[in-house]
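A.B. asks: Starting from these lines, generate the structure:
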Amino acid sequence: MSIIIITVLSLLLAGCVSALVIISKKKDQAILDLLKEEQAIVEEERRMFGFLHDLGEAITREDSQSTMYRLIVEGAMRVLESNGGALYLLDPTGKSLVPRFHSDHAAPLIDLPERIAAMGKANGSALLSFLRLHSLRLDEGIIGSVFVNQRPEIIEDLRKDPRLNQASSFQNNITTLIGPLSFGPKKLGVLAVTSPKGVRTYNANDFEVFKSIVEQSAFALANAMAHQAASEKKQIEAELRAASDIQRILLPENDPILQGYTIAGRNIPAKVLSGDYYDYIPLTGNRHGVVIADVSGKGTAAAIITAMCRSILRSNSDSSPSPAAVLGAVNRQLAPDIREDMFISMIYLVFDAATDHLTLARAGHTLPLIWRKATGKVESLHSGGLAVGIDKGDVFERVTKDLTFQMHPGDCLLLYTDGVNEALDGKGLEFGEERIHTNLATLAPQGAKAVIDGIIADVDKFLGGKRSHDDITLIALQKAA
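C.D. replies: Predicted structure coming up:
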């Protein structure tokens, strides 16, 4: 009996020992599993910190956009230990999603045409080229859906996703993380990483990490875009300043000293570049040419036309004693080369310093004014004329005629562009012709320079110190008393 009891107790003791050993092994395995999981999380965090560091460095260095795109995709792949990745961004027109970076082994996230799918099986580079060049509608397929709905997703098996109408073998058994890139209210694009399920399966922690990557990538892209926009703006501003410097060189450096007359001119651009210009042209036989012009519009296009007009007029200035004939030659050369919606109003004046007779032609420009010292009154000089560029030749030359007039000692002629009379104050009221007449009558006794300075000062006062919406140019010519 005792032997049986001892045997039973021995068996029970052995069983307990075995159970304890098994429990211990399971506990050890659980501890090992936890350590491995902890190590995996630590490694993932290390990769994440490396990714964020690289993004920060790229922003600081102001890397090219293509470098930033590659860094985001390859960084996401590295952090999540993925086989491939792709980045689609909204194009500048806001009408499509453009592939900005597609890694070599990223699974296609779009429907593949049968021809491309078949070609891709034999030639992987052909498939990759298609994926890197094929833009999508904003609501097209999986990428469009994520972009529109602005929700990240885990796709367990890409081929089974109902948003693929023509799933191919390239999408079979592929697991995907995909999320929308946005910064504030601005939608930027979509980021995705892909892997074969046998190689990598994404879990809930991976999904949270991916969402952080998407958020940081969107922030980096927004900063990169802001840096690029600022850089482009600086470059444009520098180019405009250089163009403005060149344009200023084309204007008279000083008012010439003339026998029997004094002259003063001034140009004030509304923007960096001016669509107005004026010029003094020495002619043969002791004659002088004076031109004032206003190109429709402002900015770069107007400035280019201004330079062309100046060059053509100078090259034709001595071709005829008739200002109208010279303007006709300018129009024939310039009209075919400017846009249909552009034109140039001009006045070209020719006079001999030894006489009191002057001749001008007016091509659709604001009427010139003349203050008569003898009466103290201001007169308008009327002559017909069509703006340069509206007609290519015959009509322009038929209606644009010379006007010869006389200036007596002390008389003062004023030429100006419509930026003067059409200057608007804060209430939307125009400076107007009457103020110009009053200024001319008041200031002419003080000389040509006083007329220009005084009118500009009055316009500035009228505008309340604000910049004019249009270029301002004036020339005053006074006969010596």
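A.B. asks: Could you tell me which ranges of the stretch 51-200 of the chain sit under the pLDDT cut-off?
C.D. replies: Along the stretch 51-200 of the chain, the model assigns pLDDT under 70 to residues 51-63.
A.B. asks: Show me where it has its strands.
C.D. replies: Ranges of strands in the stretch 51-200 of the chain, per DSSP state E, counting those that start in this stretch, are 84-90, 96-102, 136-137, 153-155, 174-183, 186-196.
A.B. asks: Mind giving me the packing neighbours of the very next helix or strand once past the last one?
C.D. replies: If you walk from strand 186-196 toward the C-terminus, the next helix or strand you reach (DSSP states H and E) is helix 204-250. Helix 204-250 sits against helix 2-61, helix 65-79, strand 174-183, strand 186-196, helix 300-316, with contacts defined as 3 or more CB pairs under 8 Å, 6 or more residues apart in numbering; DSSP states H and E. (C-beta placed from N, C-alpha, C; glycine too.)
A.B. asks: which ones are touching Met342?
C.D. replies: 295-297, 301-302, 305, 389 (CB atoms under 8 Å, 6 or more residues apart in numbering).
A.B. asks: oh, I was asking about Pro282
C.D. replies: Neighbour list for Pro282: 256, 288-289 [criterion: CB under 8 Å, 6+ apart].
A.B. asks: can you do 10 Å?
C.D. replies: Counting by CB atoms under 10 Å, 6 or more residues apart in numbering, Pro282 touches 256, 288-289, 317-318.
A.B. asks: Also Val214?
C.D. replies: Contacts of Val214 (CB under 10 Å, 6+ apart): 72, 76, 152, 177-182, 190-192.
A.B. asks: Let's see that with 8 Å instead.
C.D. replies: Residues in contact with Val214 (CB under 8 Å, 6+ apart) are 152, 179-181, 191.
A.B. asks: next one: Val73
C.D. replies: Applying CB under 8 Å, 6+ apart to Val73 gives the contacts 85-87, 101-103, 191, 193.
A.B. asks: Show me which of those is closest to Ala122.
C.D. replies: His102 (19.4 Å; CB to CB).
A.B. asks: you'd agree the closest one is up against Arg132?
C.D. replies: Yes: in this structure, His102 is within contact of Arg132 by CB atoms under 8 Å, at 4.8 Å.
A.B. asks: Those two - which one has more neighbours?
C.D. replies: More crowded of His102 and Arg132, by other CB atoms under 10 Å: His102, with 24 against 14.
A.B. asks: Report the separation between the more buried one and Ser129.
C.D. replies: In this view, His102 and Ser129 are 10 Å apart by CB to CB, to the nearest Å.
A.B. asks: Same check on Lys461?
C.D. replies: Distance of Lys461 to Ser129, computed by CB to CB: 65 Å.
A.B. asks: Looking at the two, which is more packed in?
C.D. replies: Counting neighbours by other CB under 10 Å for Lys461 and for Ser129 shows that Ser129 has the greater number, 15 against 10.
A.B. asks: and the more buried one, what is it in contact with?
C.D. replies: Counting by CB under 8 Å, 6+ apart, Ser129 has no contacts.
A.B. asks: Quick check: it vs Asn165, distance?
C.D. replies: The gap separating Ser129 from Asn165 is 22 Å, by CB to CB.
A.B. asks: same deal with Ile281?
C.D. replies: From Ile281 over to Asn165 the distance is 71 Å, taken as CB to CB.
A.B. asks: What of Lys479?
C.D. replies: 85 Å.
A.B. asks: one step back: please identify which of the strands of the stretch 51-200 of the chain is closest to Glu340.
C.D. replies: Smallest distance to Glu340 across the strands of the stretch 51-200 of the chain (CB to CB): 31.9 Å, for strand 96-102.
A.B. asks: quick one on the thing from earlier: let's have the contacts of Val73 in TSV, adding distance to Gly94.
C.D. replies: Converted to TSV, the contacts of Val73 look like this (distance: CB to CB, whole Å):
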residue	distance to Gly94
Gly85	24
Ala86	20
Leu87	17
Phe101	20
His102	21
Ser103	26
Leu191	19
Val193	26
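A.B. asks: Tell me the most packed of these, by neighbour count.
C.D. replies: Val193 (29 neighbours).
A.B. asks: Next one: that residue relative to Asp470, how far apart?
C.D. replies: Val193 is 55 Å from Asp470, by CB to CB.
A.B. asks: likewise Ala441?
C.D. replies: Computed with CB to CB, the distance linking Ala441 and Asp470 is 24 Å.
A.B. asks: quick one, which of those two is more surrounded?
C.D. replies: Asp470 (22 against 17).
A.B. asks: Tell me who's in contact with the more buried one.
C.D. replies: Shown in contact with Asp470 (CB under 8 Å, 6+ apart): 270, 298, 417-419, 422-423.
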